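Chemist: Below is the sequence, then the predicted model.
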Amino acid sequence: MPVSLPPALDLSLDLLRCPACRTRRLHPGHGALRCPVGHTFDIARHGYASLLTGTRATSGDDAAMVQARDRFLSTGAYAPIREVGARLAADAVSEQGTVVDVGCGTGYYLAGVLDQLPGARGLGLDTSARALRLAARAHDRAAAVAWDVFRPFPLADGAADVVLDVFAPRNPAEFHRVLRPTGRLIVIRPTGRHLAELRGQMPAMITIDPAKEQRLHRALDPFFEAVVTEQVECSVPLTKLNALDLVGMTPSARHVSRADLNDGGVLPDQVTASVLATTYRPRWPRAGACAC
């Protein structure tokens, strides 16, 4: 039986473009999205659309990572991070705006933004089918699409009022292309103090590169200028189960086993969550581009 078109995906159809044709719009039909020349993309029974084509996408979160993330975020430990993203988005867009969350994961942060913008719609992009199953249900105005951040996005030029990037890879050229001239990019990333207590206890965990900020600004500077930066830092109480999930939901999960945690001695009973959240405006014309 064909899958019906989820209402949130229907709400976002005008944003989408065929990833094969790049310019043609997609239309629903028989449980799939189709472009006028016949390219067809499945709508999963879990409610997200898979637009990925060709070579395999970069690695997305597996089932265990997604389950760990969902459990940990449901504790509210990262609510202050969610709240700063939602507030910066609300400051940048009208209630009827369009928010694109790149690397949306389970949709936790996108849902927080949409709760602050009662008339807005959201679209989450991620490579992980497991995460997209949750993202497609995270909010009644949030659609979910399988896509790889490192490829040109299957979105129309100037489609978004806000591009949200929380703990996710970045594609500055595509962020710039899909934002309206008045739009805003919001990037939330960890500082060197983020999860420092756990990393001190678990040397196998991935560390924060001290040059990360410099690389971020160098990559974004041709396309964007910073408007405002806020730091959010809070202490998160940590049980053994939460510690397992916190490590398990990050890229460190591929380097640290449960045995490592169990053998790690006394784990900290709290951990520092520390991030920087920056709102950027697009440069028009883009730095280095011809203005003729």
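Modeler: Here it is on my side, so go on.
Chemist: and the closest residue to residue 219 other than its chain neighbours, how far is that from residue 114?
Modeler: With sequence-adjacent residues excluded and distances taken as CB to CB, 6 or more residues apart in numbering, residue 219 is closest to residue 172, at 5.4 Å. (Each C-beta comes from the backbone N, C-alpha and C, glycine too.) Distance of residue 172 to residue 114, given as CB to CB, to the nearest Å: 24 Å.
Chemist: So which of the two has more stuff around it?
Modeler: Each of residue 172 and residue 114 has its neighbours counted (other CB atoms under 10 Å); residue 114 has more, 24 against 21.
Chemist: helices and strands around the strand or helix carrying that one, which ones?
Modeler: Here residue 114, judged by DSSP states H and E, is contained in helix 108-116. If you count contacts as 3 or more CB pairs under 8 Å, 6 or more residues apart in numbering; DSSP states H and E, helix 108-116 packs onto helix 79-92, strand 98-102, strand 121-126, strand 142-146, strand 160-166.
Chemist: quick one: buried residues of that helix?
Modeler: 108, 109, 110, 111, 112, 113, 114, 116 (16 or more other CB atoms under 10 Å).
Chemist: Repeat that for stretch 234-253.
Modeler: Those would be 236, 238, 242-250, 252-253, for stretch 234-253 by 16+ other CB under 10 Å.
Chemist: Check what contacts that stretch and list those residues.
Modeler: 61, 64-66, 68-69, 71-72, 75, 77-78, 80, 195, 198, 202, 204-206, 256, 258, 261, 267-273 (CB atoms under 8 Å, 6 or more residues apart in numbering).
Chemist: give me that answer again for 7 Å
Modeler: 64-65, 68-69, 71-72, 75, 77, 80, 198, 202, 205-206, 256, 258, 261, 267-273 (CB atoms under 7 Å, 6 or more residues apart in numbering).
Chemist: Over to stretch 108-119?
Modeler: Contacts for stretch 108-119 (CB under 7 Å, 6+ apart): 73, 82-83, 85-86, 89-90, 93, 95-97, 99, 101, 104, 120, 122, 124, 138-139, 141-142, 164, 166.
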